[in-house]
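Colleague: the following comprises the amino acid sequence and a computationally predicted model.
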Amino acid sequence: MTPAFLRASLSGDIAKAEGHIGLSLPTTWPDIRSVLALRLEQLESSSTLQPWLLRAIGLRAARDMVGHIGFHTSPGADYLRRWSPGGVEFGFTIFPPYRRNGYAREASLALMQWARDSHGVSSFVVTISPGNEASRALAAGLGFVRVGAHVDEVDGPEDVLVLNVVLSNREDR
């Protein structure tokens, strides 16, 4: 999601935001104003973060945005050193009408593959509220393992889960 898209979304100009992203946005958009504002601030501070932050999850045929996914930072953030040195944390949201269709799994796999193949990232982190059974099941199905817990200042108590992947030589693939 580009700064122009984020600005249009935050200002409530949904038609302009849709023009920037090329997808129809749900009537509840923006659902995460504080996150959009934070990501815009990050991008304005460092444009090199663009590929790491928010991405739309869209249905190509319908041209609908069904959710979003993205890393919280670039790899190796200090706050992750305890659980995943050199790793990167990501999160996702699938809008209610589109849940339970495999979109979060597909987007998570694609995002991790991009980070692994393009940037050599081999450790991924997700933090999940203990009561979020759907996300916990998805993380377990992807191979994430609980390594700890923390209290997020916005979301409250969360489990910290890590997935370490083996990097292979490009010629081996």
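Modeller: Looks like it came in fine. Numbers count the residues shown, from 1 in each chain.
Colleague: is Leu111 in a helix, a strand, or coil?
Modeller: helix (DSSP: H, G, I helix; E, B strand; the rest coil).
Colleague: so where's the chain uncertain?
Modeller: Per-residue confidence for the chain (pLDDT under 70) gives these ranges: 168-173.
Colleague: quickly list what the residue nearest the centre of it is bridged to.
Modeller: What sits nearest the mean C-alpha location of the chain, by Cα atoms, centre = their mean, is Gly70, with 2.3 Å. Going by DSSP bridges, Gly70 is paired in beta bridges with Gly91.
Colleague: so it sits against Pro51, correct?
Modeller: No: contact criterion Cβ atoms under 8 Å: Gly70 and Pro51 do not qualify, at 9.6 Å. Glycine gets a C-beta too; all of them are placed from N, C-alpha and C.
Colleague: next, the contact list for the residue nearest to the centre of the chain, please.
Modeller: Gly70 makes contact with 1, 39, 52-55, 90-92, 111 under the criterion Cβ atoms under 8 Å, 6 or more residues apart in numbering.
Colleague: one more time with 10 Å, if that's ok
Modeller: Contacts for Gly70 (Cβ atoms under 10 Å, 6 or more residues apart in numbering) come out as 1, 35, 39, 49, 51-57, 89-93, 107, 111.
Colleague: what about it, distance to Ala77?
Modeller: Look at Gly70 and Ala77: by Cβ to Cβ, to the nearest Å, they are 14 Å apart.
Colleague: what is in contact with these two at once?
Modeller: Glu89.
Colleague: can you name every helix or strand that the helix or strand containing Leu36 contacts?
Modeller: According to DSSP states H and E, Leu36 maps onto helix 33-45. Contacts defined by 3 or more Cβ pairs under 10 Å, 6 or more residues apart in numbering; DSSP states H and E place helix 33-45 against helix 3-11, strand 64-71.
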